[in-house]
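S.K.: A predicted structure for the sequence below; I have some questions about it.
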Amino acid sequence: MKAPHIAILDDEPEIRRMLSDALEEAGFRTTAYARAGEFEVGLKRSAPDVCLVDLGLPDRDGLALVHRLALESGAAIIIISGRAQVQDRVTGLELGADDYIIKPFDPAEVVARIRARLRKGRTEAAPSLQRARFADWVAEFDRYVLIAPDGTETPFSHAEGEVLRLFLDSPKRLISRAQMQEALGGGAGESFDRAMDVRISRLRTKLGEDPKNPRLIKTIYGAGYIFLGDVSWN
C-alpha cells in the first residue's frame, strides 16, 4: 500500500523544503510546487490525498484556487497562510478548505493535522457505502454529486460532503455544534460556527430547501441541527 501523497503549493522555497522534509520523515510522499500553474498540471498526472495550499500565490488567487479544488477534487485541502485575521480563516473554510494553519507554524503541527484528516477519511463509509438515498434524492460521495428527483446533478465540495455525511449517518438525531466540531475537526469558536452555517446554507440551497422553513435540515436554535429524512445506504 502506497504512502499518502501530499501536494504542497507555496512560492517560498524554505517553506516547501521544510514541509517536504517533515512530511517525508513522517512517512508521506510529497510533491512541491512554486506556482499554481505547475500545481494544476501536476494534479492531472497524480491525484494527491491532501493539498497544502498557500494563499499568497504569484500567478493565481489562492482563495479562488481553493474553491475550485473543493468543487473538483476529492483531496482534503489545508490552507497554510500568513493571513491571521478571523475573516480570512472564515472565508477559506467557507470556500471549501478543510483546515487552516497560520504561518509561522511548527512542521509537527502540520504533520499532526494531516494525520488527523486522513484518519477521519479512513473512518468514513466503505466504498460499498458511497451512495445515500433520502427524500427522492441521491448523494454519491465517490463523485461528490447530489442527484435531484428529476435526475439533475449538482456537485458539492469535500467540506460540504463532510457535513452532509454527518447528517446522513445520524438521521432524526440532534447533532450539536460541539458534536460537529469533534467530528469534523478544525478550530472551534466563531470561525468554525460561521463556516458550518455557510456549508449548511449551501447544502440547503442545493437540496432546494426553503430557507425559512427547511424540511430536511432543521435548525434547533441553541441546540444544533436535525436531519429529518429517512436514509438508506448502498
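M.R.: Received the coordinates, thanks.
S.K.: Tell me who's in contact with the residue nearest in space to the middle of the chain.
M.R.: Against the mean C-alpha coordinate of the chain, by CA atoms, centre = their mean, the closest residue is Ala159 at 3.0 Å. Applying CB atoms under 8 Å, 6 or more residues apart in numbering to Ala159 gives the contacts Ala70, Ile77, Leu93, Gly96, Ala97, Asp98, Ala195, Arg199. No exception for glycine: its C-beta is placed from N, CA and C like everyone else's.
S.K.: Which secondary structure element is home to it?
M.R.: Using DSSP states H and E, Ala159 maps to helix 158-169.
S.K.: As CSV, could you dump the C-alpha coordinates of that helix?
M.R.: Presented in CSV, the C-alpha positions along helix 158-169 are these (Å, rounded to 0.1, in the frame of the first residue of the first chain):
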residue,chain,number,x,y,z
HIS,A,158,-15.4,17.9,0.0
ALA,A,159,-16.2,20.2,3.0
GLU,A,160,-19.9,20.2,2.2
GLY,A,161,-19.8,16.4,1.8
GLU,A,162,-18.4,16.0,5.3
VAL,A,163,-21.3,17.9,6.8
LEU,A,164,-23.9,16.1,4.6
ARG,A,165,-22.4,12.7,5.5
LEU,A,166,-22.6,13.6,9.2
PHE,A,167,-26.3,14.3,8.8
LEU,A,168,-27.0,11.2,6.7
ASP,A,169,-25.1,8.9,9.2
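S.K.: Which helix or strand lies directly C-terminal to that helix?
M.R.: Downstream of helix 158-169 (by DSSP H and E), the next one is strand 175-176.
S.K.: Can you name every helix or strand that that next one contacts?
M.R.: Under the contact definition 3 or more CB pairs under 8 Å, 6 or more residues apart in numbering; DSSP states H and E, strand 175-176 sits against strand 224-227.
S.K.: Mind listing the strands the next helix or strand after the strand it packs on pairs with, and their directions?
M.R.: Using DSSP H and E, the helix or strand that directly follows strand 224-227 along the chain is strand 231-233. Here strand 231-233 is paired, per DSSP bridges, with strand 131-134 (antiparallel).
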